[in-house]
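> pasting the sequence and the predicted model now:
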Amino acid sequence: MDELKPFLHLYRRQWRRLAFGLVFAVLTLLASIGLLSISGWFISASAVAGLVIARSADFNYLMPAGAVRGLSLGRTVFRWADRVISHDATFRLLATLRSWFFRRLGPLRTEQIKGVRQADLLNRMVADIDSLDHVYLRLITPLVAGSFTIIAVSLLVGYFAPIVGLSLGLVLTALMLILPLLFYRLGKTPGERIGDEQMMLRQHMLEYLQGHNELRVFDALGSQQSKIKQHESALIESQQTMANLTGASQGMVVLFTGWVMLAVLLLSYQVFSADNAVGPLLALIVFAVMASFEAIAPVAGAFQHLGQTQTAAKRLNEILQQPSEVTYGTQPAATSVNLTVEAVSYRYGNNPEPVLDNLSLVIGAGNKCALVGQTGCGKSTLLQLLTRELSAESGTISVNGTPLQDFSESGLRQMICVVSQQIHVFNDSLANNLRLAAPDASDDELILALQQVQLDKLLSGDGLQQWLGDGGRLLSGGEQRRLGLARAMLHPAPLLLLDEPTEGLDDDTEVAIIDQLMNHRPDRSMLYVTHKPAALAHMDQIQYMANGKLSVS
Ligand SMILES: Nc1ncnc2c1ncn2[C@@H]1O[C@H](COP(=O)(O)OP(=O)(O)OP(=O)(O)O)[C@@H](O)[C@H]1O
């Protein structure tokens with residue numbers, strides 16, 4: 001159960017709603033027991049009273065009839081309140097869990113989650129977090145409600161016949177302990193398999209959909225389909241086992257209901273045998289026992305799914321318990337940037353050779369610096385250090401004399417705008433893809449940015465509402481890069497980092513876009529990684545990178 005601990009503190013945030021949900025769940029069960037037992041007693045007592053004329057005149061029909069109506073109305077209202085409140089609490093809890101997971105994911109370095117495939121990560125965020133709601137809905141609620149019910153029924157029956165009440169309490173408690181344990185053991189393996197197979201199925205399905213063209217070209221559609229079928233069959237098999245277990249647990253509860261009712265009836269008959277007028281009381285006791293199993297039934301099934309919930313929690317913990325190497329300070333964004341990189345070294349993993357070796361660089365406010373070097377010499381690594389995606393092994397990076405790590409995360413993102421080699425295009429409209437950089441930008445500003453990067457031809461047709469497709473499938477590679485540059489035009493950051501932004505563009509377009517970029521905000525500091533000469537003429541300094549060091553031109 002240790003794996004569930006990190007999540008339990010989040011439950012505390014919703015404790016009021018969760019507690020109210022519990023109270024109404026208990027009230028619903030108590031109303032059910034009251035309704036069934038009083039109805040049983042009332043019908044039998046009315047029948048007995050009808051047989052004896054002298055007694056029928058004295059028999060109070062109104063009180064029990066009123067109680068039956070009151071309890072049946074009460075049960076409906078309590079059930080409604082229980083469902084509304086506990087579902088509201090659960091949805092809020094899931095939202096909290098999901099945003100908490102997302103926030104914890106943010107500061108992890110790309111490498112820490114690189115081993116986890118996209119589909120796996122998605123599965124953890126959606127299905128695994130979903131199954132954590134079982135803890136409240138399927139474990140805590142039935143256990144608490146069941147315990148209250150056992151106490152209430154035992155007291156009720158014990159009031160009329162203490163020995164019967166005590167025996168009933170002991171039997172129900174034993175069932176509440178044994179059935180969950182038994183079904184937890186039986187459901188553990190298939191539950192874990194359901195989690196694993198669901199994840200594998202999602203992974204292969206996503207690969208099938210995203211890589212459909214490649215799979216077709218290399219004639220591998222068949223083998224991918226058979227992997228999907230294999231995991232689907234394993235998933236269905238485990239679900240079938242779980243369904244059988246649910247059936248078995250329900251069957252056992254029905255069987256125990258009958259046995260316990262019979263035992264209680266026989267025991268009560270022994271206790272009351274001297275009194276002939278106890279018939280209605282026997283009905284009350286038997287119906288109370290019957291109703292109490294309404295509380296026992298969900299408990300057996302609940303623990304059957306605990307294994308699946310534990311596996312989900314374990315998988316989430318694998319991500320959440322990774323130490324986040326990046327921490328942020330509180331410094332707000334600066335409005336102009338004087339960047340100083342001082343004796344910075346960085347190596348990937350345990351590589352003997354550092355990629356950056358004692359590297360130093362100064363870019364003054366409004367200064368434009370080109371970074372040129374052979375492929376693989378470490379240019380993108382330097383940009384990742386500047387955006388704090390990576391942390392330097394030694395040396396310091398500062399803005400206006402303040403170390404980069406003292407800036408708050410939002411301050412850093414406001415201060416630095418990056419156009420990386422791979423532009424992520426969201427499956428959304430052109431406008432929303434641009435407004436990532438400037439959420440408050442007007443349509444006119446978006447159109448101007450598109451014109452500056454020569455992407456205004458995208459405006460024909462649906463204009464800014466044009467849909468860009470999954471990963472920007474509807475855009476060419478060059479158009480995607482220009483979309484990244486349009487974002488940079490819109491972003492107000494005083495420092496711009498550009499990683500080969502004009503790669504793949506023809507010479508004329510490249511020259512025109514670079515002109516726009518340089519004249520757009522002359523006050524901006526800029527670090528421009530490039531292999532191409534077109535931009536160099538605009539630069540205040542050109543740094544050549546080799547063997548992890550820089551030399552100035
Ligand atoms: N995550 C990583 N783990 C290990 N090595 C890496 C990693 N990322 C990059 N490298 C290595 O570090 C070196 C520098 O990579 P980097 O991407 O910074 O080069 P670059 O100068 O930007 O290259 P290009 O011009 O081709 O984009 C390369 O040898 C690369 O193989």
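Perfect, I can see it now. The structure presented is a predicted model; accordingly, all values stated were derived computationally and were not measured. Numbering: from 1, shown residues only.
> going forward, measure contacts and count neighbours with C-alpha atoms only.
OK.
> the stretch 351-500 of the chain: strands as residue ranges?
Assigned strands in the stretch 351-500 of the chain, in chain order: 356-363, 368-373, 394-399, 402-403, 416-419, 495-499 (criterion: DSSP state E, counting those that start in this stretch).
> do you know which of the ones you listed lies nearest the ligand?
Of all the strands of the stretch 351-500 of the chain, strand 368-373 sits nearest to the ligand, with 6.5 Å by Cα to the nearest ligand atom.
> packing partners for that closest one?
With contacts defined as 3 or more Cα pairs under 8 Å, 6 or more residues apart in numbering; DSSP states H and E, strand 368-373 has these neighbours: helix 379-386, strand 525-529, strand 541-546.
> is it positioned near the ligand?
No: using Cα under 6 Å from any ligand atom, strand 368-373 stays clear of the ligand, with a minimum separation of 6.5 Å.
> quick one: strands adjacent to that strand?
Its sheet considered, strand 368-373 pairs with strand 525-529 (parallel), strand 541-546 (parallel) by DSSP bridges.
> comparing the ones you listed by mean pLDDT, which bottoms out?
The minimum mean pLDDT among those belongs to strand 541-546 (a mean of 87).
> and it, anywhere near the ligand?
No: legend: contact between strand 541-546 and the ligand by Cα under 6 Å from any ligand atom is lacking; minimum distance shown is 8.3 Å.
> so how far is the longest helix seen in the chain off the chain centroid?
Ordering each helix of the chain by length in residues (DSSP state H) puts helix 221-272 first. The chain centroid and the centroid of helix 221-272 are separated by 29 Å, computed with Cα atoms, centre = their mean, to the nearest Å.
> over to stretch 78-89?
22 Å.
> run through who's touching that stretch.
Gln14, Arg17, Leu18, Phe20, Gly21, Leu22, Val23, Phe24, Ala25, Leu27, Thr28, Leu137 (Cα atoms under 8 Å, 6 or more residues apart in numbering).
> one more: stretch 389-401?
For stretch 389-401, the external contacting residues (Cα under 8 Å, 6+ apart) are 109-110, 325-326, 337-347, 358, 381, 384-386, 403-404.
> out of those residues, who's near the ligand?
By Cα under 6 Å from any ligand atom, the members of the contacts of stretch 389-401 lying near the ligand are Thr381.
> any of the contacts of stretch 389-401 buried? List them.
Taking 16 or more other Cα atoms under 10 Å as the criterion, what is buried in the contacts of stretch 389-401 is 109, 337-347, 358, 381, 384-386, 403-404.
> can you say which helix or strand has Pro6 in it?
Using DSSP states H and E, Pro6 falls within helix 5-11.
> list the buried ones in that helix?
Tyr11.
> go on, stretch 158-173?
For stretch 158-173, a neighbour-count test (16+ other Cα under 10 Å) marks Gly158, Phe160, Ala161, Pro162, Ile163, Val164, Gly165, Ser167, Leu168, Gly169, Leu172, Thr173 as buried.
> my read is the last one is in a helix, agree?
Yes: per DSSP: H, G, I helix; E, B strand; the rest coil, Thr173 lies within a helix segment.
> for the longest helix of the chain, the averaged confidence score.
Across helix 221-272, pLDDT averages out at 92.
> right, and the helix or strand after the helix or strand of the chain with the lowest mean pLDDT?
Using mean pLDDT, DSSP states H and E, helix 53-58 stands out as the lowest-scoring helix or strand of the chain, at a mean of 60. Remark: after helix 53-58, the chain's next helix or strand is helix 62-105, criterion DSSP H and E.
> burial measure for Ala127, as a count.
Ala127 has 14 neighbours, counted by other Cα atoms under 10 Å.
> so it, which state does it fall into?
Assigned with three-state DSSP, Ala127 falls in the helix class.
> from Ala234, how far off is it?
Distance, Ala127 to Ala234, by Cα to Cα, to the nearest Å: 17 Å.
> need the residues of this structure near the ligand, please.
Tyr348, Val355, Thr375, Gly376, Cys377, Gly378, Lys379, Ser380, Thr381.
> widest-spaced pair of these?
Farthest apart among those by Cα to Cα are Tyr348 and Thr375. That separation is 16.5 Å.
> who's more crowded, these two?
Neighbours per residue, other Cα under 10 Å: of Tyr348 and Thr375, the larger number sits with Tyr348, 14 against 10.
> contacts only, for that one.
Tyr348 is in contact with Pro354, Val355, counting by Cα under 8 Å, 6+ apart.
> element containing it, please.
When elements are assigned from DSSP H and E, Tyr348 belongs to no helix and no strand.
> next one: phi and psi at Tyr348?
phi -80, psi 130 (degrees, to the nearest 10).
> sorry, back to before: which one of the residues of the chain next to the ligand sits closest to Leu496?
When the residues of the chain next to the ligand are compared for distance to Leu496 (Cα to Cα), Ser380 comes out closest, at 13.9 Å.
> and that closest one, what pLDDT?
88.
> what's the closest non-adjacent residue to it?
Nearest non-adjacent residue to Ser380, counting by Cα to Cα, 6 or more residues apart in numbering: Asp499, 6.9 Å away.
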